[in-house]
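> what follows is a predicted protein model with its sequence.
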Amino acid sequence: MSDQSLTRFSLGHLPLASLLLCAACTSTPVGSAGGDMEVVPDVVLAIHGGAGTILRENMTPEMDQRYRQALTQALEAGYAALEAGGDALDAVEAAIRPMEDSPLFNSGRGAVLNDEGEVELDASIMDGAEGLAGAVAGARTPRHPITLARRVMNESPHVLFAAEGADRFAEAQGIETMEAAWFVTPRRADQLKRMQARDASSTADLARRPVDEKFGTVGCVALDGDGHLAAGTSTGGMARKAFGRVGDSPIIGAGTWAADATCAVSCTGHGEFFIRLAIAHQLHARMLFGDQGLPQAAREAVLEELPALGGSGGCVALGADGTLVAPFTTAGMYRGWVTRNGVVTVRIHGDERR
């Protein structure tokens with residue numbers, strides 16, 4: 001596989017075309033104190049699959065291909081929703097659901113396990129047109145937490161359901177649910193055993209753990225034909241997290257935000273820092289009240305303020321004009337986007353920004 005994967009397709013009319021090698025980038029890297037940042041014009045859909053220490057030497061060609069194919073499939077699903085006349089919310093949900101079903105990502109079936117060997121699933125979604133939002137935290141049964149979050153938004157007067165309340169709401173709504181064993185993959189069970197064997201202390205010592213054990217969220221931002229934005233995020237949280245711990249993903253303004261006047265944002269990273277800095281809302285506020293453009297807002301919030309406080313991670317953020325930024329402070333971030341004319345780009349490593 002090439003460092004940068006590009007595919008052109010028109011869903012609903014033609015099957016996914018063969019992978020094309022790209023000699024020139026479709027994005028403009030923006031330099032900053034925190035590193036380069038992709039800035040891409042004319043985007044209608046973008047996703048991330050988590051950020052972390054994603055090094056080429058630690059990834060086989062087969063695993064690289066699996067991730068790129070999974071990201072492409074998610075982009076294809078989201079873009080198909082737009083081509084079928086769906087709105088930005090439809091596209092966000094459609095793109096996230098296949099990632100929740102993939103054992104490659106930390107969401108849904110691939111979610112990490114808490115210290116008791118169980119999944120606790122978090123998700124949120126936000127409508128940029130009306131400012132509505134829905135979220136779930138600590139859910140254990142929904143196959144697609146992003147779908148449940150959307151039901152919270154549309155079918156209840158509330159924004160956030162937690163733990164057993166989220167599971168009860170899923171049952172009441174007829175959302176597809178799964179038994180606990182369905183979510184526990186061999187990869188995550190082995191990961192937990194290794195961590196428990198290594199960490200003789202306690203789950204409170206999160207700060208000294210390797211980056212990849214702290215996060216790996218999935219998310220999507222979309223812009224539809226009517227100019228409306230939406231964002232969604234779904235995660236299993238931190239590996240071997242303390243029972244009941246909730247990160248930024250289900251918190252509107254921390255891990256997810258959307259407003260038609262400014263941008264749609266989905267974050268991935270060490271959630272405690274994204275909560276403290278309200279990163280997703282910060283981008284919106286910098287644009288709305290600080291008269292900043294999206295690249296400047298993202299650079300200052302994600303590449304400067306976040307690491308200055310001790311946090312790490314990244315986001316995908318899509319402006320009302322179709323400008324995408326994908327800043328991250330880590331070695332890599334699984335990410336991809338689709339432009340208005342149906343060109344798909346998928347990237348993994350940090351050096352693919354340059």
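Great, that's in hand. Numbers count the residues shown, from 1 in each chain.

> the residue nearest the centre of the chain pairs with what?
When CA atoms, centre = their mean is applied to the chain, the residue found nearest the centroid is Gly219 (2.3 Å). Gly219 forms beta bridges with His48, Thr233, as assigned by DSSP bridges.

> correct me if wrong: it contacts Ala231.
Yes. Shown here, Gly219 and Ala231 form a contact pair, counting by CB atoms under 8 Å, at 7.1 Å. Any C-beta I mention is one placed from the backbone N, CA and C, and that applies to glycine too.

> which neighbours do the two share?
Shared contacts of Gly219 and Ala231, defined by CB atoms under 8 Å, 6 or more residues apart in numbering, are found at 256, 266.

> buried set for stretch 304-321?
Neighbour-count burial for stretch 304-321, with 16 or more other CB atoms under 10 Å as criterion, is recorded at 304-307, 311-320.

> check stretch 55-73 too.
Buried-residue list, stretch 55-73, by 16+ other CB under 10 Å: 59, 64, 67-73.

> okay, buried residues for the helix or strand hosting Arg168 please.
Per DSSP states H and E: Arg168 is located in helix 163-173. Residues of helix 163-173 classed as buried: 166-167, 169-170 (neighbour count, 16+ other CB under 10 Å).

> let me have these in a markdown table, adding pLDDT as columns.
Below are these laid out as a markdown table (pLDDT from 0 to 100):
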| residue | pLDDT |
| --- | --- |
| Ala166 | 98 |
| Asp167 | 98 |
| Phe169 | 98 |
| Ala170 | 98 |
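
> output those residues as TSV; include the columns distance to Met195.
Shown next, in TSV, are the buried residues of helix 163-173 (distance: CB to CB, whole Å):
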residue	distance to Met195
Ala166	26
Asp167	26
Phe169	31
Ala170	29
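
> what's the farthest-apart pair in those residues?
Farthest-apart pair in the buried residues of helix 163-173 is Asp167 and Phe169; separation 7.3 Å (CB to CB).

> now do the helices in the stretch 201-350 of the chain.
Ranges of helices in the stretch 201-350 of the chain, per DSSP state H, counting those that start in this stretch, are 271-277, 279-290, 294-298, 306-309.

> which of those sits closest to Gly108?
Of all those, helix 271-277 comes closest under CB to CB, at 17.5 Å.

> what is that closest one packed up against?
helix 306-309 (3 or more CB pairs under 8 Å, 6 or more residues apart in numbering; DSSP states H and E).

> give me the residues contacting the helix it packs on.
34, 269, 273-274, 276-277, 279, 312-313, 329.

> residues in contact with Gly117?
Neighbours of Gly117 in contact, by CB under 8 Å, 6+ apart: 184, 189, 192.

> is it true that it lies in a helix?
No. With DSSP: H, G, I helix; E, B strand; the rest coil as the criterion, Gly117 is coil rather than part of a helix.

> does Tyr79 touch Gly336 like I think?
No. Counting by CB under 8 Å, Tyr79 stays clear of Gly336, with 10.6 Å between them.

> okay if I get the helices of the stretch 201-350 of the chain as CSV plus distance to Ile125 and mean pLDDT?
Listed next are the helices of the stretch 201-350 of the chain as CSV, based on distance: least, CB to CB, whole Å; pLDDT from 0 to 100:
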stretch, distance to Ile125, mean pLDDT
helix 271-277, 17, 97
helix 279-290, 12, 98
helix 294-298, 20, 98
helix 306-309, 23, 97
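
> figure out which of the ones you listed is closest to Phe105.
Closest of the helices of the stretch 201-350 of the chain to Phe105 is helix 271-277, at 15.9 Å (criterion: CB to CB).

> hey, C-alpha coordinates of that closest one in PDB?
Extracted in PDB, the C-alpha atoms of helix 271-277 (Å, rounded to 0.1, in the frame of the first residue of the first chain):
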ATOM      1  CA  GLY A 271     -10.200  12.500  27.400                       C
ATOM      2  CA  GLU A 272      -9.600  14.100  30.700                       C
ATOM      3  CA  PHE A 273      -7.600  16.900  29.000                       C
ATOM      4  CA  PHE A 274     -10.200  17.300  26.200                       C
ATOM      5  CA  ILE A 275     -12.800  17.800  28.900                       C
ATOM      6  CA  ARG A 276     -10.800  20.300  30.900                       C
ATOM      7  CA  LEU A 277     -10.100  22.400  27.800                       C
END
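
> if we can go back for a sec, hmm, which two among the contacts of helix 306-309 are most spread apart?
The widest separation within these (CB to CB) is 17.4 Å, between Gly34 and Arg276.

> neighbour count for the two, which is higher?
Gly34 (18 against 14; other CB atoms under 10 Å).

> the longest helix in this protein is where?
Using DSSP state H, we find that the single longest helix of the chain is helix 61-83.
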